[in-house]
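> need a 3D model of the following:
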Amino acid sequence: MKKYCLIGEKLSHSYSADIHMSEGFNYTLQEVKPHQLEDFVKNNVFDGFNITIPYKQAIIPFLDYVSPCALKANAVNTVVKKDGKLLGYNTDLFGSYISIKKSGIDIKGKNVLILGKGGAGNALGCLMSDMGAASVNYVTRKGDIDYSNVYEKCPNADVIINATPYGMYPMLSESPILDVNKFDNLALVFDLIYNPFRTSLLLEAKKRKIKTISGLYMLVGQAVKAEYIWKNEETDESDVSISTVNRIYKKLLNSKLNMYFVGMPGSGKSSVAREVALKTNRQFIDTDEEIKKKCSLSPSEFINKYGEEPFRDIESSVISECVKKKSVVVSLGGGAVLRSLTRSLIAQTGIVYYINRDIDKLSLASRPLSVKYGLENLYNQRFRFYEEVADCVVDNNSCINKAVNNALSYRVE
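Numbering: from 1, shown residues only. Model prediction:
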């Protein structure tokens, strides 16, 4: 059986093996240090391999052939071995192209700002020019346009593309651009990072209702194109199936993204989440129950004894452990969304469902904060945070089965 792999310096975050192995490829991850790159390329036993950070440009001198497209982009991310020769291609371009087309944004006439000028950044610059961009500018740490003067030098950016590792798991709070509000014309933010599903940069754009693209669809698109090259040793794009890309993308979303349920105390979010977990064969986690295990006190007992802020600290630590898991269903306490870090973590690593129930139908039993402040006051305090973080709002004013089915019918794009 033929063997394939991904090479890079650090690969613990990679989903590539999940994609290729699910399609029947014998595929592994091979971490390679910079001083080992030449030896790997010349002596590897693989029939083909992918390349990621930081070797997309560095590998080019060691290849026997580089496609015109990859040469133009000055970046190779896919290699196939044919008759003892190593042939290099760039499938990132295809993955990026179909991602942008899927977004519905027309690049023609747009001012594009690319963060980073490594292999991926160069490739995207070529693609943007080919798609008719009016201008393409690069932001680098030491270039003419850097992260301190970009707002003054490129205020009219229509499209921002992040081709840097900033924001990649586990550094979820990092972002190369700190304030998207300074770009008045911004219509699209495309982040090549796919783990987490939404970076801090994408979350900030989402708050402004700017169109966003996660790197996950691009990752799948480039992987499908790479498989076509490995099978056929040629690159006719017309034979790369978009339906295959869509199928793998949806499967990957289901296997990697968590499902988080938020809402007022007594809204029934735990009941809905538990049923969703059963129907999707996922692990169910109730953060209130996890807190009870950790502290030997229920949330209401803890709050009555120590107060709300110490409780939020414990709750935040429990949630930070939940977001490290994959494909779990999590029911959060009613006030968990009050902390901005919690809102960011759940929005980055999963799909968030807001379980909405009318105030007059909410229970006060074992709800010390609901009793202390009043349900209407709590609702007015929290409602905007529920709406901010939610991907899907689920009405739970009738039967639970209807709410469960509504949650299950939601499809993330």
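> distance check, the residue lying closest to Ser344 once chain neighbours are set aside against Ser320.
Distances taken as Cβ to Cβ, 6 or more residues apart in numbering place Leu203 nearest to Ser344, at 6.0 Å, with adjacent residues excluded. From N, CA and C alone the C-beta is placed, and that goes for glycine too. To Ser320, Leu203 is 17 Å away according to Cβ to Cβ, to the nearest Å.
> what's the answer for Asp146, then?
Distance from Asp146 to Ser320, by Cβ to Cβ: 32 Å.
> kindly report the same for Ile248.
Relative to Ser320, and taking Cβ to Cβ, Ile248 is found at 30 Å.
> what number of residues lie near Ala160?
No Ala there; residue 160 is Ile. Residue neighbour count, defined by other Cβ atoms under 10 Å, stands at 27 for Ile160.
> likewise for Ile161?
Ile161 has 27 nearby residues by other Cβ under 10 Å.
> of Ile248 and Ser320, who's got more company?
Ile248 (22 against 13).
> relative to Ser14, how far out is the more buried one?
15 Å.
> Glu376 now?
48 Å.
> ok, these two, which is more surrounded?
Neighbours per residue (other Cβ under 10 Å) separate Glu376 from Ser14, with Ser14 holding more: 18 against 11.
> and the residue lying closest to Val328 once chain neighbours are set aside, how many residues sit next to it?
Nearest non-adjacent residue to Val328, counting by Cβ to Cβ, 6+ apart: Gln283, 4.6 Å away. As a burial measure, Gln283 scores 12 neighbours (other Cβ under 10 Å).
> was I right to think Gln283 contacts Val329?
Yes: at 7.0 Å, Gln283 counts as touching Val329 under the criterion of Cβ atoms under 8 Å.
> re the thing from before, and the residue nearest to Val328, what does it touch?
With contacts defined as Cβ atoms under 8 Å, 6 or more residues apart in numbering, Gln283 is in contact with Ala277, Lys325, Ser327, Val328, Val329.
> which SS class is the second one?
I take that to be Lys325. coil (DSSP: H, G, I helix; E, B strand; the rest coil).
> that one and Leu257 touch, don't they?
No: with contact defined as Cβ under 8 Å, Lys325 does not reach Leu257; the gap is 10.8 Å.
> report the two of the contacts of Gln283 separated the most.
Ala277 and Lys325 (12.5 Å; Cβ to Cβ).
> more neighbours: which of the two?
Ala277 (19 against 14).
> how close does the more buried one sit to Glu204?
Ala277 is 31 Å from Glu204, by Cβ to Cβ.
> grab the most central residue of the chain for me.
Centre of the chain computed as the mean C-alpha position; nearest residue by Cα atoms, centre = their mean is Phe197, 1.2 Å away.
> with adjacent residues omitted, what lies nearest to that residue?
Using Cβ to Cβ, 6+ apart, the closest residue to Phe197 is Ser214 (5.4 Å).
> buried residues in stretch 204-215?
Glu204, Ala205, Lys206, Ile210, Thr212, Ile213, Ser214, Gly215 (16 or more other Cβ atoms under 10 Å).
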